[in-house]
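Novice: One predicted model, sequence on top.
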Amino acid sequence: MALAGRRDAPEPPDFGILKRLARDQLVYLLEQLPGKKDLFIEADLMSPLDRIANVSILKQHDVDKLYKVETRPAPGASDQFCFLVRPRVRTMRFIADIVNADKMSGRSRKYKIIFSPQKFYACEMVLEEEGVFGDVTCDEWSFYLLPLDEDIISMELPEFFRDYFLEGDHRWINPVARALQLLNSLYGPFGKTYGIGRCAKMSYELWRDLEEESESEGQGRKPEIGHVFLMDRDTDYVTALCSQVVYEGLVDDTFRIKCGSVDFGPDVTSSDKSIKVLLNSQDKVFSQIRNEHFSSVFGFLSQKSRNLQAQYDRRRGMDIKQMKDFVSQELKGLKQEHRLLSLHIGACESIMKKKTKQDFQETIKAEHSLLEGFDVRESTSFIEEHIDRQVSPIESLRLMCLLSITENGLIPKDYRSLKTQYLQSYGPEHLLTFHNLKRIGLLTEQSAGETLTAVESKVSKLVTDRAAGKITDAFNSLARKSNFRAISKKLGLVLERRDWQGLEEVVRLLNGNEFSVSDSAVEDNPAWESQRIVLAVFLGGCTFSEIAALRFLGKERGRSGLGRVGSRQEPGDAAIAACSQAGSVLRNQHRLKPLGKGVARYTALLENGRGQGWECQCCPTARLGHRRAFPTGCKFIFLTTAITNSARMMEAMIEAKA
């Protein structure tokens, strides 16, 4: 039975053990090279390593000097080199150059390569081709999962999206399967596993194969995670392409959050120094505003500032004993909170300056038009203006891709026009970018066979060529079909199911490969707390806006803007309903009646969770805030290959080689 009456959210599993396991394994690998050693670290491993083992821990295990990979060692370097690297061909060539240079100079050293999360055969082949395979020892640091917060785990594999979805490279499937196996062994068997997408299915099948080969250490343990949902990024590109409007998402867009921390520069700190700040639930200020719409953040921070000042003012009139207690128990915490408050106020001001310059509100308006399917021609003109003004090559690409996906491809005339304008504004080197975007399905052109009808063909013979062109455009517009529109409509239906049954049409539109597998031993114990824990696995990256939406869903008490759900709905069904919502549904991109100074609010960010009397203007018949039967007190936790956003997706396409 569903735990429909529960109001309290269950505590998530303790993911701190993942850090301890990773640190212990790294220490073990370092100690296999006894004595002083220099450590070369790949650039994108530095931030994850800092979260696992800081410099002092490395020093305790005889690490003398630290170098960034591709930095040449100093002349007086150690006689032992250890390389902590990703399995990349270019990195193997760098290591081979160092080894061969030492051979040429007659210098004798020991070399150890630690691959993270695993080594690939191609890397060993490069070392062999360079003639150094026999001079190095290779090992693996099975560092699959990095806890970023109490409910977020990242694999820190930013290459996953480009390698799998663009290049069709399956090499990262094995780390995903092993990550699931690790969670299964540490936190007990999963009650039910859902999936959508080809990558999700392959990852699941490999994971089950690994479970069968191993002794299944997690079997017999009390499960701590009830439901798992695996979703490919390509089942929902729209969500990631929309502008993020929650505070954490905007901080990521503006300052780039890396491994759960961000560097705030002088424009935020109001000093000459930059400060590195860890953004998680331990930050009392950030934890309260991270999921809020940006328009409400300033009001909260202002109220928080007044409350802090009132607490400071309590010192007046205190006697000596009260002052002593205040200083020893409260003053340090108040100072820390005041420091964090100042930083977040500075970050908000910096975001406001940048978003104002980029006509953020106009961009949001254009996105709404695309999602709703209205004023598409006007939105296309906005994109053209965006390109002509050379606002940002990334932003222009993002809007073009959003137009393409929501309209199921661009009509040939618009595709050629936008492509020509973009290349003229930002340079012909982006021809490869357009090739990559088309290949991955983010920016496509409708073919003549998809839009030209027999009626159009007959009519065109009776008019001039110029008139025929206009008629072709008109038929293109009428014949255009959009999976996005169909998915949005179908997922607004009543959901009363325990698996994919009844969603066959939606699954087909989402490219299929769905599955739903149960563990009867776990399902037979619905009273277990694990039944209310839902693990959402995003293969290809997820955005902070998606995380905010699902956090809201987990806390929601009987009200949901995601469509009606049956009163006997299981928490696992909530995962299907939530994670399979595409585009505007999951991202809550509904335009509401303006509040305050004309700033729109979104459904996932209803003030105080009540949402009383707010009307969705893009679908006036729907009233937000109505009570809807929905599982209450669920807890979503998130596993992602990497935190992503629209900029990172576009950068991956720009940087990718043909």
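Specialist: Yes, it's here.

Novice: Show the pLDDT at the residue positioned nearest the centre of the chain.
Specialist: With distances taken as C-alpha atoms, centre = their mean, the chain has residue 542 as the residue nearest its mean C-alpha position (2.1 Å). As summarised for this prediction, residue 542 has a pLDDT of 94.

Novice: and the gap between the closest residue to it other than its chain neighbours and residue 155?
Specialist: What sits nearest to residue 542 in space, not counting adjacent residues and going by C-beta to C-beta, 6 or more residues apart in numbering, is residue 640, at 4.5 Å. No exception for glycine: its C-beta is placed from N, CA and C like everyone else's. Plainly put, residue 640 is 7 Å away from residue 155 if you go by C-beta to C-beta, to the nearest Å.

Novice: What of residue 409?
Specialist: The value you get for residue 409 to residue 155, if C-beta to C-beta is used, is 32 Å.

Novice: now do residue 121
Specialist: Residue 121 sits 21 Å away from residue 155 when distances are taken as C-beta to C-beta.

Novice: And those two? Which one has more around it.
Specialist: Ranked by neighbour count (other C-beta atoms under 10 Å), residue 121 and residue 155 place residue 155 first, with 23 against 8.

Novice: pLDDT score assigned to that one?
Specialist: Model confidence at residue 155, expressed as pLDDT, equals 96.

Novice: OK, contacts around it?
Specialist: Taking C-beta atoms under 8 Å, 6 or more residues apart in numbering as the definition of contact, the neighbours of residue 155 are 117, 144-146, 175-176, 179, 639-642.

Novice: which of those residues count as buried?
Specialist: With burial judged by 16 or more other C-beta atoms under 10 Å, the buried subset of the contacts of residue 155 is 117, 144-146, 175-176, 179, 639-642.

Novice: Sketch out the helices for the stretch 301-450 of the chain, chain order is fine.
Specialist: For the stretch 301-450 of the chain, applying DSSP state H, counting those that start in this stretch gives helices covering 320-326, 332-357, 360-372, 376-388, 393-406, 412-426, 431-440, 448-451.

Novice: Out of those helices, which is the most enclosed?
Specialist: Across the helices of the stretch 301-450 of the chain, averaging neighbours per residue (mean count of other C-beta atoms under 10 Å) puts helix 393-406 on top, at a mean of 24.

Novice: wait, doesn't the residue nearest to the centre of the chain sit right on residue 648?
Specialist: No. Counting by C-beta atoms under 8 Å, residue 648 is not a contact partner of residue 542; they are 11.2 Å apart.

Novice: Identify the residue nearest residue 27 in space, chain neighbours excluded?
Specialist: When the adjacent residues along the chain are set aside, residue 27 lies closest to residue 61, with 5.7 Å between them (C-beta to C-beta, 6+ apart).

Novice: Check that neighbour and give its pLDDT.
Specialist: Reported pLDDT at residue 61 in the predicted model: 91.

Novice: same thing with residue 481?
Specialist: At residue 481 the predicted local distance difference test score is 46.

Novice: again with residue 208
Specialist: The predicted local distance difference test score for residue 208 is 92.

Novice: Could you measure from it over to residue 177?
Specialist: Computed as C-beta to C-beta, the residue 208 to residue 177 distance reads 9 Å.

Novice: quick revisit: hang on, the residue nearest to residue 542 packs against residue 535?
Specialist: No. Assessed by C-beta under 8 Å, residue 640 is found out of contact with residue 535, at 10.9 Å.

Novice: residues contacting the residue nearest to the centre of the chain?
Specialist: Per C-beta under 8 Å, 6+ apart, neighbours of residue 542: 233, 240, 536, 638, 640, 643-644.

Novice: For the stretch 51-200 of the chain, which segments are assigned as strands?
Specialist: Counting by DSSP state E, counting those that start in this stretch, the stretch 51-200 of the chain has strands at residues 63-68, 80-85, 110-115, 136-140, 146-149, 152-154, 192-196.

Novice: Out of those strands, which is closest to residue 254?
Specialist: The minimum distance between residue 254 and those falls on strand 146-149, with 18.4 Å, by C-beta to C-beta.

Novice: who does the closest one touch, helix- and strand-wise?
Specialist: Helices and strands in packing contact with strand 146-149 are listed as helix 16-31, helix 43-52, strand 152-154; criterion 3 or more C-beta pairs under 8 Å, 6 or more residues apart in numbering; DSSP states H and E.

Novice: ok so, going back, please report how far the residue nearest to residue 542 lies from residue 179.
Specialist: Between residue 640 and residue 179 the distance is 11 Å, computed by C-beta to C-beta.

Novice: what's the answer for residue 113, then?
Specialist: As it turns out, when the distance is counted by C-beta to C-beta, residue 113 lies 22 Å from residue 179.

Novice: One more: residue 97?
Specialist: Residue 97 sits 33 Å away from residue 179, taking C-beta to C-beta as the criterion.

Novice: what do you get for residue 40?
Specialist: Distance check for residue 40 against residue 179: by C-beta to C-beta, it reads 25 Å.

Novice: need the contact list for residue 418.
Specialist: If a contact means C-beta under 8 Å, 6+ apart, then residue 418 has 380, 383-384, 387, 400, 410 as its contacts.

Novice: which pair in those residues spans the largest distance?
Specialist: The farthest-apart pair in the contacts of residue 418, when distances are taken by C-beta to C-beta, is 387 and 410, at 13.9 Å.

Novice: before we move on, back to that, contacting residues around the residue nearest to residue 542?
Specialist: Taking C-beta under 8 Å, 6+ apart as the contact definition, residue 640 lies against 152-155, 537-538, 541-542.

Novice: what do you get if the cut-off is 6 Å, keeping everything else the same?
Specialist: Applying C-beta atoms under 6 Å, 6 or more residues apart in numbering, we find residue 640 in contact with 154, 538, 541-542.

Novice: Which strand residues bridge it?
Specialist: Here residue 640 sits in beta bridges with residue 154, residue 538, as judged by DSSP bridges.

Novice: What residues of stretch 86-106 count as buried?
Specialist: Across stretch 86-106, burial judged by 16+ other C-beta under 10 Å covers 86-88, 91-92, 94-96, 98-99, 102.

Novice: now swap in stretch 161-170 and tell me
Specialist: Residues of stretch 161-170 classed as buried under the neighbour-count rule (16+ other C-beta under 10 Å) are 161-166.

Novice: can you tell me which of those lies nearest to residue 275?
Specialist: Proximity of those to residue 275 (C-beta to C-beta) peaks at residue 161, which lies at 30.0 Å.

Novice: distance of the closest one from residue 27?
Specialist: Using C-beta to C-beta, we find residue 161 at a distance of 31 Å from residue 27.

Novice: same question, residue 88
Specialist: Taking C-beta to C-beta as the criterion, residue 88 is separated from residue 27 by 24 Å.

Novice: Now do stretch 128-146, average pLDDT.
Specialist: Averaging pLDDT along stretch 128-146 gives 94.

Novice: mind listing what's buried in it?
Specialist: Judged by neighbour count using 16+ other C-beta under 10 Å, the buried positions of stretch 128-146 are 130, 132-133, 135-136, 139, 141-146.

Novice: contact partners of that stretch?
Specialist: For stretch 128-146, the external contacting residues (C-beta under 6 Å, 6+ apart) are 18, 22, 26, 29, 48, 96, 99, 111-119, 127, 153-154, 156, 175, 178-179, 182.

Novice: next one: stretch 430-446
Specialist: Outside of stretch 430-446, the residues within contact range by C-beta under 6 Å, 6+ apart are 165-166, 400-401, 404, 409-412, 415, 419, 423, 653-654, 656, 658.

Novice: now swap in stretch 43-51 and tell me
Specialist: Looking at what lies outside stretch 43-51 - C-beta under 6 Å, 6+ apart - the contacts are 68, 84, 146, 156, 258-259.
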